[in-house]
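> kindly generate the corresponding structure for this input.
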Amino acid sequence: MLKPIFTEKSLREAKLGNYTFQVDGKMNKKQIAAKVSRLFGVKVINVRTTKTGPEKGRNARGRKFAVGIVKKAIATLKSGDKIDVFEEGKK
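Reported below is the predicted structural model:
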């Protein structure tokens, strides 16, 4: 699983060559780099990963809920390479 993350920060970083994806929790950095290279036809130089969660809380009725663990990967590409999915449309 490889899903791009579109936030203000990730789009700002994409202009610098750092692309953010939500990945499967069991994937390692080499697998992530290989998948990004294969899907988008680019050369990945570096991969950084982070996990967030699980977040716990209560809803308005007092019932407990939990949001699962999410693993994010930030792939740094070779200068000159781009991923078109992250390009912003002209306004």
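> C-alpha from now on. contacts and neighbour counts both.
Fine.
> how about the helices in this structure?
For the chain, the helices defined by DSSP state H occupy 8-14, 29-40.
> okay if I get those as TSV plus mean neighbour count and distance to residue 61?
Listed next are the helices of the chain as TSV, based on neighbours: other Cα atoms under 10 Å; distance: least, Cα to Cα, whole Å:
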stretch	mean neighbour count	distance to residue 61
helix 8-14	15	32
helix 29-40	15	40
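> dump those helices to a markdown table, plus mean pLDDT.
Formatted as a markdown table, these follow (pLDDT from 0 to 100):
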| stretch | mean pLDDT |
| --- | --- |
| helix 8-14 | 93 |
| helix 29-40 | 95 |
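> show me what contacts the closest residue to residue 13 other than its chain neighbours?
Computed as Cα to Cα, 6 or more residues apart in numbering, the closest residue to residue 13 that is not its neighbour in sequence is residue 19, at 6.8 Å. Residues in contact with residue 19, defined by Cα atoms under 8 Å, 6 or more residues apart in numbering, are 4, 10-11, 13, 74-77, 86.
> rewinding a little: mind checking which of the helices of the chain is nearest residue 57?
Taking Cα to Cα, helix 8-14 is the member of the helices of the chain nearest to residue 57, at 25.6 Å.
> list of residues touching the closest one?
Residues from elsewhere that reach helix 8-14 (Cα under 8 Å, 6+ apart): 18-20, 86-87.
> if you set the cut-off to 10 Å instead, what comes out?
Residues outside helix 8-14 that contact it (Cα atoms under 10 Å, 6 or more residues apart in numbering): 4-7, 16-21, 74-77, 82-83, 86-88.
> how far away from the center of its chain is that helix?
11 Å (Cα atoms, centre = their mean, to the nearest Å).
> could you dump it to CSV, C-alpha only?
Output in CSV follows, covering the C-alpha atoms of helix 8-14 (Å, rounded to 0.1, in the frame of the first residue of the first chain):
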residue,chain,number,x,y,z
GLU,A,8,0.2,22.1,3.2
LYS,A,9,3.4,20.9,4.7
SER,A,10,3.8,17.9,2.4
LEU,A,11,3.1,20.0,-0.7
ARG,A,12,5.7,22.5,0.5
GLU,A,13,8.2,19.7,1.0
ALA,A,14,7.4,18.2,-2.4
